[in-house]
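Chemist: starting from these lines, generate the structure:
(one chain, ligands or ions: 1)
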Amino acid sequence: MRVHLCVVGRLRKGPEKALIDDYLTRFDRTGRSLGLGPARVVEVEDKRGGGMAAEAELLRRALPTGAALWCLDERGEVMTSPTFADRLGRVRDQGRGDLAFVIGGADGIDSSLRAQADMTLSFGAMVWPHMLVRVMLAEQMYRAASILAGSPYHRV
Ligand SMILES: C[S@@+](CC[C@H](N)C(=O)[O-])C[C@H]1O[C@@H](n2cnc3c(N)ncnc32)[C@H](O)[C@@H]1O
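Modeler: Down below sits the predicted model:
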């Protein structure tokens, strides 16, 4: 199952990008034997100032046809890392070829796109900057693959 992190905004070279690349590389390596991955980041940027609706349209175009859609939003479902891993495994076991995560920009994800999501995931009630959410999501993906692989990275 290919995994796509569809995100608003361009991430320049720096510590966040290095962390994301590292976690996604580890996700790919750990997930390969589990039918998870490869993962890729798809960045969209609205240059015309069209706001959330324009960003949502760009994000929709980035979604592979038939992909399961999980949106990141502080108003979404809070879950443990093992539950997240279990959900990831279930989407794979349903035979979905693609899972797309969406992380919004400074104004968030347009409600019309959030309404299309199969699941909305929250990293807690606080609002985080989208760049940090990318890092947190990449780490949770690697953690989930480690849990499914039974490797010791995740300690309960
Ligand atoms: C700065 S936040 C957007 C601000 C706020 N959510 C809004 O809609 O006005 C940018 C993106 O980061 C993600 N994000 C921020 N905090 C989050 C949280 N606690 N849980 C999950 N995703 C979060 C969401 O995808 C959000 O669209």
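
Chemist: quick one: the helices in the protein?
Modeler: 15-31, 51-62, 81-93, 111-116, 130-149 (DSSP state H).

Chemist: which residues does whichever residue of the chain sits closest to the ligand contact?
Modeler: The chain approaches the ligand most closely through G108 (2.1 Å), counting by CB to the nearest ligand atom. Just so you know, the C-beta spots here come from the backbone N, C-alpha and C atoms, and that holds for glycine as well. G108 sits next to 52, 73 when contact means CB atoms under 8 Å, 6 or more residues apart in numbering.

Chemist: check V156 too.
Modeler: For V156, the contact set (CB under 8 Å, 6+ apart) comprises P82.

Chemist: was I right to think R75 contacts L121?
Modeler: No - in this structure R75 lies outside contact range of L121 using CB atoms under 8 Å: 10.5 Å.

Chemist: so for the two, which sits in the more crowded spot?
Modeler: Neighbours were counted for R75 and for L121 using other CB atoms under 10 Å; L121 has more, 20 against 11.

Chemist: just the pLDDT at the nearest residue to the more buried one once chain neighbours are set aside, thanks.
Modeler: Among residues not flanking L121 along the chain, G76 sits closest, at 5.0 Å (CB to CB, 6 or more residues apart in numbering). For G76, the pLDDT comes out at 98.

Chemist: separation between the residue of the chain closest to the ligand and F27?
Modeler: G108 sits 25 Å away from F27, going by CB to CB, to the nearest Å.

Chemist: before we move on, the earlier item: to L69, which of the helices of the chain lies closest?
Modeler: helix 111-116 (6.0 Å; CB to CB).

Chemist: so which bits of the closest one are buried?
Modeler: For helix 111-116, the neighbour count (16 or more other CB atoms under 10 Å) marks 113-114 as buried.

Chemist: that helix close to the ligand?
Modeler: No - Helix 111-116 is not in contact with the ligand by CB under 6 Å from any ligand atom; minimum separation 8.8 Å.

Chemist: quick one: average pLDDT of that helix?
Modeler: For helix 111-116, the mean per-residue pLDDT is 97.

Chemist: and stretch 124-135, by the same measure?
Modeler: Confidence for stretch 124-135, expressed as mean pLDDT, is 97.
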